[in-house]
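Chemist: Sequence and computational prediction follow.
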Amino acid sequence: MRERSRHVVCPAGELPPGTRKIAKVGRREIGVFNVDGRFLAITNICPHHRAPLCVGPLTKEMTSSKVGEYELREERNVLRCPWHSFEFDLETGRNLLEPDRYRVAVYEAALEGDDVVVYM
Ligand code: FES
């Protein structure tokens, strides 16, 4: 099993709740999000046509069980690609419509001391 490495992304003060930071970690570019105090990290490349996924809007999942009725699922954070609007679960990296076909790497992220760190 490959050992994970720890990387400091930024001081916590640079990433308050509701913000994101795109950072280069080694040869990878990732987006680190502070969602209500939880840190989540995902690769900044959309698997569809390689758009910079992490500049897209972060929303909640919208579902519908009847025509004309919509419901927001607050517990699921969805990152929408800025080019063609494919939607990805920010926690799993899986596309909402085709989770086995389109998937993005996600990484553990955390607040440690005064720093936001990721493990890759
Ligand atoms: S490049 Fe992301 S949906 Fe097409």
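Modeler: Yes, it's here.
Chemist: you'd agree residue 47 is in a helix?
Modeler: No: assigned with DSSP: H, G, I helix; E, B strand; the rest coil, residue 47 falls outside any helix and is coil.
Chemist: what's the burial count for the closest residue to residue 23 other than its chain neighbours?
Modeler: Closest residue to residue 23 apart from its sequence neighbours, by C-beta to C-beta, 6 or more residues apart in numbering: residue 9 at 5.0 Å. In short, each C-beta sits where N, CA and C put it, glycine included. Residue 9 is flanked by 21 other residues according to other C-beta atoms under 10 Å.
Chemist: tell me which element residue 9 is part of?
Modeler: strand 6-11 (DSSP states H and E).
Chemist: Residues touching that strand, excluding its own?
Modeler: Under the criterion C-beta atoms under 8 Å, 6 or more residues apart in numbering, residues 15, 21, 23, 25-26, 32, 41, 109, 114-120 lie in contact with strand 6-11.
Chemist: what's in contact with the helix or strand where residue 23 lies?
Modeler: If you go by DSSP H and E, residue 23 is part of strand 20-25. With contact meaning C-beta under 8 Å, 6+ apart, strand 20-25 is reached by 7, 9-10, 14-15, 29-34, 44, 52, 54-55, 58, 116, 118, 120.
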